[in-house]
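Q: please work out how this folds:
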Amino acid sequence: MQEENLALRLGAAIRTSRLATGSSQERFADAISMHRAYYSAIERGEKNITVGTLVRLANGLGIKPSEILAAAGL
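A: Below you'll find the predicted structure:
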């Protein structure tokens, strides 16, 4: 599996989880102390994130990192 495809799938899963919370990108990024532009790039699959960032996102979404990975089919 290519890294670009993985990032796209992970970003889509993160976006879906965020939308389920009813939060905008800006509001969510602010809540987890992340720049909105960087967070937006994650959702678009333009960034390969670290495990630490995955945990930070999952905590902000109120779910486990494994749930994001599973939603992405990883």
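
Q: could you use CA atoms for every contact and neighbour count after this?
A: Fine.

Q: got the contact list for residue 60?
A: Listed by C-alpha atoms under 8 Å, 6 or more residues apart in numbering, the contact partners of residue 60 are 28, 31-32.

Q: so it is in which element?
A: In the assignment (DSSP states H and E), residue 60 maps to helix 51-61.

Q: quick one: average pLDDT of that helix?
A: Mean pLDDT, helix 51-61: 97.

Q: pull out the buried positions in it.
A: Within helix 51-61, the residues that qualify as buried are 54-58, 60-61, counting by 16 or more other C-alpha atoms under 10 Å.

Q: repeat that for stretch 27-37.
A: 28-29.

Q: so where is the chain shaky, pLDDT-wise?
A: 1, 3-4 (pLDDT under 70).

Q: narrow the contacts of residue 60 to those in strands?
A: With DSSP state E as the criterion, strands contain none of these.

Q: just to revisit the earlier point, mind putting the buried residues of helix 51-61 into TSV with distance to residue 22?
A: Compiled in TSV, those are given as follows (distance: C-alpha to C-alpha, whole Å):
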residue	distance to residue 22
54	20
55	20
56	18
57	15
58	15
60	13
61	11
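
Q: number of residues surrounding residue 11?
A: Residue 11 has 25 neighbouring residues, counting by other C-alpha atoms under 10 Å.
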